[in-house]
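Asker: need coordinates for the following:
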Amino acid sequence: MHKEEIIKLIFEICGCGRKCKETPLELLFVIDSSESVGLKNFQIIKNFVKTLTDRVALDLATTRIGIINYSHKVEEVAHLTQFSSKDDLKRAVDNMQYLGEGTYTATALHAANRMFEAAKPGVKKVALVITDGQTDSRDEKNLTEVVKNARDINVEIFVIGVVKRNDPNFHIFHQEMNLIATDPDSEHVYLFDDFITLEDTLKQKLFTKSCEDFEAYLFHILGSSPLQPGFGISGEEHHESTPEPQKEITESKGGCGIPMKND
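Answerer: Here you go, the predicted structure:
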């Protein structure tokens with residue numbers, strides 16, 4: 001996926017720009033609600049999904065959203081063709097139940113591939129996986145095969161992985177995230193230290209940056225690491241740099257429904 005396509009995709013997801021051309025998009029959230037996530041963090045994920053849904057120009061004729069909730073089993077919360085109302089979709093998210101058992105990511109992605117069979121021909125298909133752990137060894141589906149099947153039907157996969165760097169299984173988890181995500185991993189894998197960091201990052205970055213310069217806006221959201229010093233996007237090492245002072249932001253709304261700074 002080229003830089004320009006990523007910018008266009010985030011434009012679509014964020015609903016930015018009064019005159020931006022709407023390109024059809026099939027967006028599918030694949031949500032981990034396994035035991036390791038915990039009920040409190042599951043609520044953070046639900047809030048994230050609802051917040052991002054508010055930034056999408058939901059319309060069955062252009063952008064459609066589906067949701068999969070998974071643990072030891074898969075729940076298809078919303079099919080791509082099911083909701084044309086944001087309020088109805090968010091109510092479905094509110095009603096999602098925390099499952100609290102194993103992490104059957106391969107089975108969930110298999111269900112996602114099947115759900116994308118309902119996608120319109122030629123429409124961009126995007127899956128956003130949110131997880132905090134490796135696929136359960138009891139999962140009957142093979143993760144490598146399922147991911148290959150996703151590639152074969154042109155599904156682009158982004159992964160938000162939640163893991164502490166000092167976790168003994170960090171490197172195994174990181175490798176799995178890279179396997180799942182579309183290449184290049186540096187543009188499709190985003191690692192957060194914990195769910196609170198994910199929540200805080202969204203509050204600080206997604207809704208407090210003017211999108212007058214959208215390339216800068218895109219980098220502001222996705223291009224910097226929320227993890228501890230020396231730890232970058234997709235788990236790569238980097239040297240610290242002194243952050244630039246942030247400009248004061250007001251609550252007035254811009255064309256993308258995002259707070260704009262006052263002149």
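Asker: okay, CA-based contacts and neighbour counts for the rest of this
Answerer: Will do.
Asker: on contacts alone, who are the packing partners of the helix of greatest length in the chain?
Answerer: Longest helix in the chain by number of residues, with DSSP state H as the criterion: helix 39-54. In terms of contacts (3 or more C-alpha pairs under 8 Å, 6 or more residues apart in numbering; DSSP states H and E), helix 39-54 is packed against helix 3-14, helix 86-94, helix 195-201.
Asker: got the angle for the next helix or strand after the longest one vs helix 39-54?
Answerer: Looking back up the chat, that one is helix 3-14. For helix 3-14, the succeeding helix or strand toward the C-terminus, using DSSP states H and E, is strand 25-32. For strand 25-32 against helix 39-54, the angle by axes from the mean of the first three to the mean of the last three C-alpha atoms, to 10 degrees is 170 degrees.
Asker: sheet partners, orientation included, of strand 25-32?
Answerer: Strand 25-32 has its sheet partners listed here by DSSP bridges as strand 63-70 (parallel), strand 124-131 (parallel).
Asker: among these, which is nearest Gln175?
Answerer: Across the strands paired with strand 25-32, Gln175 has its closest neighbour in strand 124-131 (13.4 Å, C-alpha to C-alpha).
Asker: after the closest one comes which helix or strand?
Answerer: In N-to-C order, the element after strand 124-131 by DSSP H and E is helix 143-152.
Asker: for that next one, packing partners?
Answerer: helix 105-115, helix 170-180.
Asker: 10 Å - rerun?
Answerer: helix 105-115, strand 155-162, helix 170-180 (3 or more C-alpha pairs under 10 Å, 6 or more residues apart in numbering; DSSP states H and E).
Asker: export these to a markdown table and tack on mean neighbour count and distance to Glu187?
Answerer: Formatted as a markdown table, the helices and strands packed on helix 143-152 follow (neighbours: other C-alpha atoms under 10 Å; distance: least, C-alpha to C-alpha, whole Å):
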| stretch | mean neighbour count | distance to Glu187 |
| --- | --- | --- |
| helix 105-115 | 22 | 20 |
| strand 155-162 | 22 | 8 |
| helix 170-180 | 18 | 10 |
